[in-house]
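Trainee: my questions are about this predicted structure, shown below with the sequence.
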Amino acid sequence: MSFRDGQELFADVDLGREKFLNRVFHAVLVAASLFGFVMLVLLILDVVWEAYQGLTVFQIDPVQFLTQPSSSRAERAGFGASIVASLWLMVLTAALAFFIAVGCAVYLVEYASRNRVTRLIEANLANLAGVPSIVYGLLVLALIVNDAGLGSVILAGAIALALLIVPIIIVASIESLRAVPSSVRDGSYAMGATKWQTIRRVVLPQAMPGILTGTILALARAIGETAPLIMVGTMLHATRYPDGPLSSFSAMPTQIYNWTYQADRMFNGLAALGIVVLLAFLVAMYVIAGYLRKKYEADASLTNV
Amino acid sequence: MSSEMTDTTDETLIETGFSVETDRGREPTDAEGIVRSEDLSVYYGNERALEDVTIEIPENQVTAIIGPSGCGKSTFLRSINRMNDRIESCTVEGELTFHGKNVYDDDVDPVALRRKIGQVFQAPNPFPKSIYDNVAYGLRIQGRADEVDLDDAVERALKGAALWDEVEDKLDESGLDLSGGQQQRLCIARAIAPDPEVILMDEPTSALDPVAASKIEDLIDELVEEYSVIIVTHNMQQAARISDKTAVFLTGGELVEFDDTARIFENPKDDRVEDYITGKFG
Amino acid sequence: MSTDTKSGPGISGDDTLEDAHKSNDRVRRIFFACATITVVTTVAIFLVLFDNAASYFFGARLSEVLLSGDTFSRTVSFTEFFTGTRWAPDHSTPAHGVLPIVWGTLAITIGAGLVSIPIGTATALYLSEYASTGTRNKLKPVLEVLAGIPTIVYGYFAVSFLTPVLVGGIATNVINPAGGLLDSISHLAPFVLDPAAEWMMGVRVGRYSLLAGVLVVGTMTIPMVSSISEDAMQAVPDELRNGAYALGATKYQVSIRIVLPAAVSGIFASYILALSRAIGETMAVTLAAGFNANLTANPFAEIMTMTAYLVSMARGTSAVGTVEYQSLFAVGLLLFLMTLTMNLLNDRLKQRFQEEYR
């Protein structure tokens, strides 16, 4: 028996229906996968178009936009005070969250023994990551803003954001601490180092790029958060520059929310421009995080050689 | 193993130390060979895994493929049923024919090809389904579940894989609950249930204990009455025990020698093959 | 590592070594304290929400009763809260039935699930089973960007594009080309949002709609479904695929009969996570679906979710003691318990998946 023709050889195999199904299924999957892509393109085009409209139709002056505080009159409104408020928020949030999160990660990776307390802490972490951000805002509103009498200030907002990102930084830190090979620790212990000496001089320095990357990504999440700040009681318009952590404020996302919410079309242009600035901050943070990660990976491959 | 086979003569060879049954009474039914390759080369990216392999594998016999690790024997096996297609960087040159038809021609669908050429893998890989569903899987996906009596087909396949007596009462239990050796026989039952023409086996006993392995070897001896079996093995004793023909691949993906198993083990032509089977190399 | 150990080779310890051990212990306690802060946060959320919600139902906070001897006086009954169908705690004739805003949240969650679950699963299957490495490397960053965009931006997108163009377009051209329904929609609208959309569609569209909320939240949660489902699919051992392909299965058959069943608990975990996220989603929903507590499933009607209510009532320090302020915590507590349930369910599923594979 010898065949020259595939059709003859496989005459008893009927693949028509299955091939058709496979092709239809493939097409459906491609179409579904494109949905996300199309929405992303639409979103970006929409923001860019509205921002362009703001600059041309409503003649928003970029310099004024970036330097002036907001105003209830659209033609005088700027984004400067919100940018500064967001920067304050980021600094305070990072300061509040970083040490607690890294401390918790170090405890879980380096110290904790497998007992019920450890399991409770780990289970709780997974749960905290799933708590809606607005709930953190409610917590800070009741406990810090009102009961403790701090008021609706930048520090209160930063506490809410810090609570929100602590679990994120912990998870990233745990990962990079676990990535430090145990042989490195053994080397240090063999020199007679204590646990803390080993952690401080050997483990943490090696894990730090990964921890920093995770922290920056967490801050990128925090800088766009709106709901917790609204709950804390941020101002409607950032009409003046904040002068410190105890000053009232409206950060970039809350200012964008207020502008989006206005009926006047010019405010929508302002909101689009605000989004462009916010996204620029995000991109910058992602670029830094990506650079750190790449550098870290290059270093790691060097030490492996 | 061989002591059980009273109808064959055992010969102990001084040079290689292998006992080979010289005559199994099996004659190839098709002189041309069911699978043939002509200058077959396989590349992973720029790396050549097989180099100009030309071979003619006879029907209804056991053909063993041996060689040191990395010699391309598994690659050759996977290129027969085009499982290599699953590896993105893999490219094939030359010809590989099944019944005289080049399976790499545009008009050959690998899915159709694999319905005629079954495969058993190195580690048992039953699906996380019941024993029954595992065996019925092939017939179901091939759309033949309605044409045949499924219960009957499952029973026949399990009997063919010498597993029926052990699982008769628990066909609804998960295939994963079986022992390693049973799982591998379940995979053989799964492969033969749709009644392919060729069964490829990629080191089917390497993950099993010796007792389970010998059961599989017995089974192969029976399977060959209905199927052409091509088996990759790193175990030279196994190749000597069960195969009619043996192909020896050496590092670099080169087919060095292909002949009757007895000839290969008693009197190899190539010095490198002799070195390999006497353990001086590889 | 410390080079300042000057004294002899004794191994029983000297002063500097003792110091090292002491600081070692101190540091351990500090780290443990950091770890407990995360547990304290959870406990604080529970206590603070309960404490403040008490004043909504009983007229006094739990802490006030315990510390200064205030007495409870029932203000809002649980029966009214859980069964009432009108929600307007701040109205001159207040009503405290939470159902309309719970319904709003559920409607958004279910609707978003109808978008993100099929699309996310299909995307995951495509990435895991069909796409070449090149396509994967292009598509995955798109999904990561989609996941990284702040929710306020999605909200803006809903207001300036989805609602006027897409929802308006569906309303005018698909549902009722004659224009009858439109009157009711524009009746809901306080004003026209986007002149460009009006020009494109020739219609006036309501500012808020359930459909816009569903679309925007559905889009946001696609990456959660797709990335976690894809991880689950990638964890399915390749030997199973090989076994099926060697029997002559098509990709479709391998995807449906092998990969999906084997990854099912991981895939469900991704659904739970996405739904949980939709429940807690705030800004996009607020801007897209509105502030009108409506017990309706009409996709073109304005609704209010629990989170939108929280946003609409947020007044910072000025409102303490008012019923609006107290109601925030009753609604917040309910929201927290809903997402907590989902998270625990997700944990369970994830554990099961990890047990199944490795």
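Mentor: All right, it came through fine.

Trainee: what about the residue of chain B found nearest chain A, neighbour count?
Mentor: For chain B and chain A, the shortest gap (CB to the nearest CB) falls at B:G100, measuring 3.3 Å. Just so you know, the C-beta spots here come from the backbone N, C-alpha and C atoms, and that holds for glycine as well. For B:G100, the count of nearby residues is 16 (other CB atoms under 10 Å in any protein chain shown).

Trainee: report pLDDT for it.
Mentor: The per-residue pLDDT reported for B:G100 equals 87.

Trainee: state the phi and psi torsions of it.
Mentor: Note on B:G100: backbone dihedrals following degrees, to the nearest 10 are phi 80, psi 0.

Trainee: likewise for B:E254?
Mentor: Dihedral angles (degrees, to the nearest 10) for B:E254: phi -100, psi 130.

Trainee: in contact with the residue nearest to it when sequence neighbours are not counted, which residues?
Mentor: Nearest residue to B:E254 in three dimensions, chain neighbours excluded: B:E51, at 5.0 Å (CB to CB, 6 or more residues apart in numbering or on different chains). Neighbour list for B:E51: B:S41, B:G72, B:G252, B:G253, B:E254 [criterion: CB atoms under 8 Å, 6 or more residues apart in numbering or on different chains].

Trainee: helix, strand, or coil at B:E51?
Mentor: strand (DSSP: H, G, I helix; E, B strand; the rest coil).

Trainee: part of a helix, is B:T63?
Mentor: No. Assigned with three-state DSSP, B:T63 falls outside any helix and is strand.

Trainee: next up, the contacts around it.
Mentor: Contacts for B:T63 were tallied using CB under 8 Å, 6+ apart; they are B:I57, B:S228, B:V229, B:I230, B:I231, B:S243, B:D244, B:K245, B:T246, B:A247.

Trainee: between the two ends of stretch B:181-201, how far is it?
Mentor: Criterion CA to CA, to the nearest Å; first-to-last residue distance in stretch B:181-201 is 15 Å.

Trainee: quick check, it touching chain A?
Mentor: No. Shown here: stretch B:181-201 not in contact with chain A (CB under 8 Å from any CB of the partner chain), separated by at least 10.3 Å.

Trainee: that stretch and chain C in contact?
Mentor: Yes. Using CB under 8 Å from any CB, stretch B:181-201 reaches chain C at B:C187, B:R190, B:A191, B:P194, B:L200.

Trainee: got the CA positions of the lowest-mean-pLDDT helix or strand in chain B in CSV?
Mentor: Using mean pLDDT, DSSP states H and E, the weakest-scoring helix or strand in chain B turns out to be helix B:271-277, at a mean of 87. What follows is helix B:271-277, C-alpha atoms only, in CSV (Å, rounded to 0.1, in the frame of the first residue of the first chain):
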residue,chain,number,x,y,z
ASP,B,271,32.8,0.6,15.9
ARG,B,272,31.0,3.4,17.6
VAL,B,273,27.9,1.3,17.9
GLU,B,274,30.0,-1.5,19.4
ASP,B,275,31.5,0.9,21.8
TYR,B,276,28.1,2.2,22.7
ILE,B,277,26.4,-1.1,23.4
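
Trainee: from chain C, how far off is the residue of chain B closest to chain A?
Mentor: Distance of B:G100 to chain C, given as CB to the nearest CB, to the nearest Å: 20 Å.

Trainee: next one: A:A289
Mentor: 11 Å.

Trainee: the nearest residue to that residue once chain neighbours are set aside: neighbouring residues, count only.
Mentor: Nearest in space to A:A289, with sequence neighbours left out and distances taken as CB to CB, 6+ apart, is A:I216 at 4.3 Å. Counted with other CB under 10 Å, the neighbours of A:I216 add up to 23.

Trainee: for the helix or strand containing A:I216, buried residues please.
Mentor: Using DSSP states H and E, A:I216 sits within helix A:204-223. Within helix A:204-223, the residues that count as buried by 16 or more other CB atoms under 10 Å in any protein chain shown are A:204, A:206-223.

Trainee: check stretch C:241-258 too.
Mentor: Within stretch C:241-258, judged by 16+ other CB under 10 Å, the buried ones are C:241-258.

Trainee: restricted to helices, list these.
Mentor: Among these, the members found in helices (DSSP state H) are C:R241, C:N242, C:G243, C:A244, C:Y245, C:A246, C:K251, C:Y252, C:Q253.

Trainee: isn't the second one right next to B:V120, touching?
Mentor: Looking back up the chat, that one is C:N242. No. Counting by CB atoms under 8 Å, C:N242 stays clear of B:V120, with 10.6 Å between them.

Trainee: any idea how far A:I168 is from the residue most central in space within chain A?
Mentor: Residue closest to the average C-alpha location in chain A (CA atoms, centre = their mean): A:R221, at 2.0 Å. The gap separating A:R221 from A:I168 is 7 Å, by CB to CB, to the nearest Å.

Trainee: ok, back up a step: next SSE downstream of the helix holding A:I216?
Mentor: Of the helices and strands lying after helix A:204-223 in sequence (DSSP H and E), the nearest is helix A:227-232.

Trainee: which SSE is immediately downstream of that next one?
Mentor: Following helix A:227-232 toward the C-terminus (DSSP H and E): helix A:252-261.

Trainee: any chance you could map the helices in the stretch 51-200 of chain C?
Mentor: Counting by DSSP state H, counting those that start in this stretch, one finds helices in the stretch 51-200 of chain C at the ranges C:62-68, C:78-83, C:99-125, C:133-148, C:151-157, C:168-169, C:180-188, C:195-201.

Trainee: so C:A278 sits right up against C:A112, yeah?
Mentor: Yes. Between C:A278 and C:A112 there is a contact under CB under 8 Å: 4.4 Å.

Trainee: what do these two both touch?
Mentor: Counting by CB under 8 Å, 6+ apart, the contacts common to C:A278 and C:A112 are C:V217, C:T221.

Trainee: residue of chain A with the smallest distance to chain C?
Mentor: For chain A, CB to the nearest CB, closest residue to chain C: A:G233, 1.9 Å.
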